[in-house]
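Novice: I'd like to go over a predicted model; first the sequence, then the structure.
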Amino acid sequence: MIVYIKDLSVKRNKWVDEKTFKDGIVLSQSIPGATAMQIAAYVGLKSKGITGALLAYVGLGLPAFILMLIFSVLYGRSHDISQVIAVLNGLQVIIVAIIANATWTFGGEILKSYRNIIIASASAVLLLLKVSPFTVITGAALTGIFFFRNTVFTLSPIPDGKQDKRVFTQIMLLVLALLAGFAGIYLLNIKLFKLSVLMLKINLFAFGGGFSSLPLMLHEIVDVRKWMDSKTFIDGIALGQVTPGPISITATFIGYLLFGSFGALVATVAMFTPSFLILVVVEPFFGRLKSSVVFVRASKGIASCFVGLLLFVTVKFAVDVPWDIMRILLGLAALAALARKVDLLYIVLIGAAISVFIL
């Protein structure tokens, strides 16, 4: 998605230049939220201000939300049909392969020293011991500040800007609208309010892209609150992979199964709003933040932590799959396709088609 956004914004429409777009990637990867969504908002912010950022953010996420809502409705009505069960059983294997590949890819990029490996391993073990992932992430940030104190980092600060009064007013209006909306939800349905607060919390801790939200959602939705079982959660991730959006669009699926269409909307808004607000608030001052050694050390700790959390999710999902020879072969084929950079959509659709005939 980032490649497509760059082609549209830098080459075709020239909304931003190459350097500005690269700065946006650095910023988007350093704050919580789905990276592609953040970059789209950054392009809108730099070219058309807060309004442009909001329109770009909503524009990129809306097709995924609509498709995920449709899939969720169909799932709720037909997931007990034998052919659908076969497809979902196959997609569970594909999801294990996708998350295993993400763990391997992120691990190769991040685990550069024994310090990174220690933080990642400890994070996986702590999650296995049922420690809250929010606690694990906070601990990893603090550990990173200590562990990497003797590591020399090359800091390339992005020039600072200023937050003018008009932009500040627009941000405050967005925050007030969000607070008013959640106040209304609190009065309407307390359980739905709890779900919305939970999604806000998950988004605030989802550093490193959409995949990082999975361990948090799994822990809170499946393990702690038991609002759905692990198999249903995996089905939601599988459906999300068919949409042109971030994997955290699974929030739509969760919201729909628990509270219907309105729940899907609330969960989705709660999942994506905090990171958007962080982007528009932090952007003018990001150069100063990136020049902070403490910030860089903490970021390294958090990045290592998420490799461990993804490893835990991979193992947990794999344990839930009733493995047989056909599922093993399907999983290996999916891993091989991922290694060859085959488009995820093709892998999911072909896997679903194969599942109808062999599972």
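Specialist: Happy to help now that I have it. Residues are numbered from 1 along each chain as shown.

Novice: tell me which strands and helices the longest helix seen in the chain is in contact with?
Specialist: Longest helix of the chain, by residue count under DSSP state H: helix 35-78. Packing partners of helix 35-78 (3 or more CB pairs under 8 Å, 6 or more residues apart in numbering; DSSP states H and E): helix 2-6, helix 18-30, helix 165-188, helix 230-240, helix 250-282. The C-beta positions use only the backbone N, C-alpha and C, and glycine is treated the same way.

Novice: got these as CSV, with mean neighbour count, distance to residue 12 and mean pLDDT columns?
Specialist: Putting these into CSV (neighbours: other CB atoms under 10 Å; distance: least, CB to CB, whole Å; pLDDT from 0 to 100) gives the following:
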stretch, mean neighbour count, distance to residue 12, mean pLDDT
helix 2-6, 15, 10, 79
helix 18-30, 17, 13, 82
helix 165-188, 13, 27, 84
helix 230-240, 22, 28, 87
helix 250-282, 22, 23, 93
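
Novice: okay, the ones you listed in a markdown table with distance to residue 134 next?
Specialist: Listed next are the helices and strands packed on helix 35-78 as a markdown table, based on distance: least, CB to CB, whole Å:
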| stretch | distance to residue 134 |
| --- | --- |
| helix 2-6 | 27 |
| helix 18-30 | 19 |
| helix 165-188 | 20 |
| helix 230-240 | 18 |
| helix 250-282 | 14 |
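
Novice: what's the closest of those to residue 75?
Specialist: In terms of CB to CB, the element of the helices and strands packed on helix 35-78 nearest to residue 75 is helix 230-240, at 6.5 Å.

Novice: Provide the contact partners of the closest one at residue level.
Specialist: 64, 68, 71-72, 75, 79, 88, 91-92, 94-95, 214, 217-218, 221-222, 247, 249-250, 252-254, 257, 316-317, 320, 348 (CB atoms under 8 Å, 6 or more residues apart in numbering).

Novice: Need the buried ones from those selected in ChimeraX.
Specialist: Those of those that count as buried under 16 or more other CB atoms under 10 Å are selected in ChimeraX with:
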select :64,68,71,72,75,88,91,92,94,95,214,217,218,221,222,247,249,250,252,253,254,257,316,317,348
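
Novice: before we move on, the earlier item: next SSE after the longest helix of the chain?
Specialist: Following helix 35-78 in sequence order, the next helix or strand is helix 82-110 (DSSP states H and E).

Novice: Can you check what angle separates that following helix from helix 230-240?
Specialist: On the basis of axes from the mean of the first three to the mean of the last three CA atoms, to 10 degrees, helix 82-110 is oriented at 80 degrees to helix 230-240.

Novice: Tell me the buried residues in helix 82-110?
Specialist: For helix 82-110, a neighbour-count test (16+ other CB under 10 Å) marks 84, 86-104, 106-107, 110 as buried.

Novice: Could you list every helix and strand in contact with that helix?
Specialist: helix 114-128, helix 230-240, helix 293-320, helix 325-339, helix 344-358.
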